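Student: Any chance you can model this:
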Amino acid sequence: MDQIKKVTCHVVSAPIARPFTSSRGWIYKTRGSCLVEIETADGVVGWGECYGPAQVAKAYIESQYAARIIDRDPFDVEVIWEDLYNRIKDYGNKGMSISALSGIDIALWDIIGKKCGQPIHKLIGGAHRTSVTAYATGLYFIDMDRVVEEAVEEAADYVRDGFTAIKMKIGLGSIKADIERVAAVRKAIGDGVRLMVDANHCLSVPAAIRMGRELERLDVEWFEEPISPEDLDGYVEVTRALDIAVAGGENEFTRWGFRDIVARKAMDIVQPDVCAAGGISECRKIAALANAHGVECVPHAWGSVIGIAATLHFLAALPDQPPSFRPTPPMFEFEQCENPFRDELSTTPITQHKGVIAVPDGPGLGIEIERRVIEKYRIA
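Tutor: Below you'll find the model as predicted:
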């Protein structure tokens, strides 16, 4: 038995040349992450990633989780998941405790894939698809004196780059101002490019309904996080009031967190993040729960190439919802903000071509990590 012998957390951070913001109000000046490295006794290394404040994830792993998985069999990945979750749930069954657990889970799946010589998607059910449509996430607020112009310019750049779908931010404090910006982007990219809108939960229920009705007129595909994630009754109200699909769930964790969302159909689309919601093991359960209730699952993604690869494997193994002769498969969120951990951390970067990304087919995550990039940006 090749047991786990070492768990290492790498906290990395890099400055951003052009800081940006969203409706949340804070300015992103750096990009960073907590990367989890797990090594077995025979020298096989698996990589995972934790979403959210990296130092917090590192503290959870080093103080609560790492010692509990030393000398264990990485193939017991879901046994380990349950043990770690039940160890911590009295103190944190949501948030950073689960994000930290997610990084461990992804790294264990990477090890299993490498030991089996198979990509992760083959081990979690197989590939419903070998490539996915990528949508460009961007259009944050940078120059507040040019919020419309800069959005139009950025969206046009994505279309020239080959993207066939774009997600933009709203949250300027005025429905009129937001709709003006969305309308300008829609006009610039034309009717043939799919467009989604993300409010980052900045609206009240009445404002979200008013906004959603305006977005429907602009052929927006989904309305993401219109209201606060804690307000489940509000989501039910917004979703019932609008014809546009309502999406959310990037701030929710585990099957228990998503249970009432999908059972009540509070959202049309749930967006668990494999680096936050519990890893690949738990996101499989969330997706099955959603599927059983006729709710689409389109995962959130924001991080390094490790999280990107893990999300692509998860997407490959998701069935179409609903199944049909000509289905609409789930898309991959390919955020486009400045990020060296997306572009430099793998020896072979994951890229899109004409709006499509191939699912990695190498063992495990299917990527090789450039350790020099970790050393270049290491802060802990």
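Student: Going by C-alpha atoms from here, please, whenever you check contacts or count neighbours.
Tutor: Fine.
Student: next structured bit after the strand or helix carrying Leu215?
Tutor: Here Leu215, judged by DSSP states H and E, is contained in helix 205-217. Once helix 205-217 ends, the next helix or strand along the chain (criterion: DSSP H and E) is strand 222-224.
Student: other SSEs contacting that following strand?
Tutor: Using 3 or more Cα pairs under 8 Å, 6 or more residues apart in numbering; DSSP states H and E, the elements in contact with strand 222-224 are strand 194-198, strand 245-248.
Student: All the helices of the stretch 201-350 of the chain, residue numbers only.
Tutor: With DSSP state H, counting those that start in this stretch, the ranges of helices along the stretch 201-350 of the chain come out as 205-217, 232-241, 254-263, 279-292, 305-316, 340-343.
Student: which other residues reach stretch 311-319?
Tutor: Stretch 311-319 is touched from outside by 119-122, 124-132, 273-274, 280, 283-284, 287, 298-299, 301, 329-330, 332, 359-360, 365, with contacts defined as Cα atoms under 8 Å, 6 or more residues apart in numbering.
Student: next one: stretch 229-239
Tutor: Here stretch 229-239 has contacts from 201, 205, 208-209, 227, 245-246, 248-249, 251-252, 261, 264-268, using Cα under 8 Å, 6+ apart.
Student: where along the stretch 51-200 of the chain do the helices fall?
Tutor: For the stretch 51-200 of the chain, applying DSSP H, counting those that start in this stretch gives helices covering 54-60, 66-69, 77-88, 96-116, 120-123, 147-160, 175-189.
Student: highest average neighbour count across the ones you listed?
Tutor: Looking across the helices of the stretch 51-200 of the chain with neighbours counted as mean count of other Cα atoms under 10 Å, the highest average goes to helix 96-116: a mean of 27.
Student: Does anything pack onto it? Which helices or strands?
Tutor: Contact here means 3+ Cα pairs under 8 Å, 6+ apart; on that basis helix 96-116 packs against strand 27-40, strand 45-50, helix 54-60, helix 77-88, helix 120-123, helix 279-292.
Student: Any chance of these in JSON lines with distance to Pro322 and mean pLDDT as columns?
Tutor: Output for the helices and strands packed on helix 96-116, formatted as JSON lines (distance: least, Cα to Cα, whole Å; pLDDT from 0 to 100):
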{"stretch": "strand 27-40", "distance to Pro322": "34", "mean pLDDT": "97"}
{"stretch": "strand 45-50", "distance to Pro322": "30", "mean pLDDT": "98"}
{"stretch": "helix 54-60", "distance to Pro322": "36", "mean pLDDT": "98"}
{"stretch": "helix 77-88", "distance to Pro322": "28", "mean pLDDT": "97"}
{"stretch": "helix 120-123", "distance to Pro322": "20", "mean pLDDT": "98"}
{"stretch": "helix 279-292", "distance to Pro322": "8", "mean pLDDT": "98"}
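Student: Just tell me which of the ones you listed ends up closest to Ser99.
Tutor: strand 45-50 (5.2 Å; Cα to Cα).
Student: Next, name the residue at the spatial heart of the protein.
Tutor: The centroid of the chain falls nearest to Ala301 when counting by Cα atoms, centre = their mean (2.0 Å).
Student: buried residues in the helix or strand Thr8 falls within?
Tutor: Per DSSP H and E, Thr8 falls inside strand 4-21. Buried residues in strand 4-21, counted by 16 or more other Cα atoms under 10 Å: 4-14, 19-21.
Student: nearest to Glu153, of those residues?
Tutor: Nearest to Glu153 among the buried residues of strand 4-21, with distances taken as Cα to Cα, is Phe20, at 15.5 Å.
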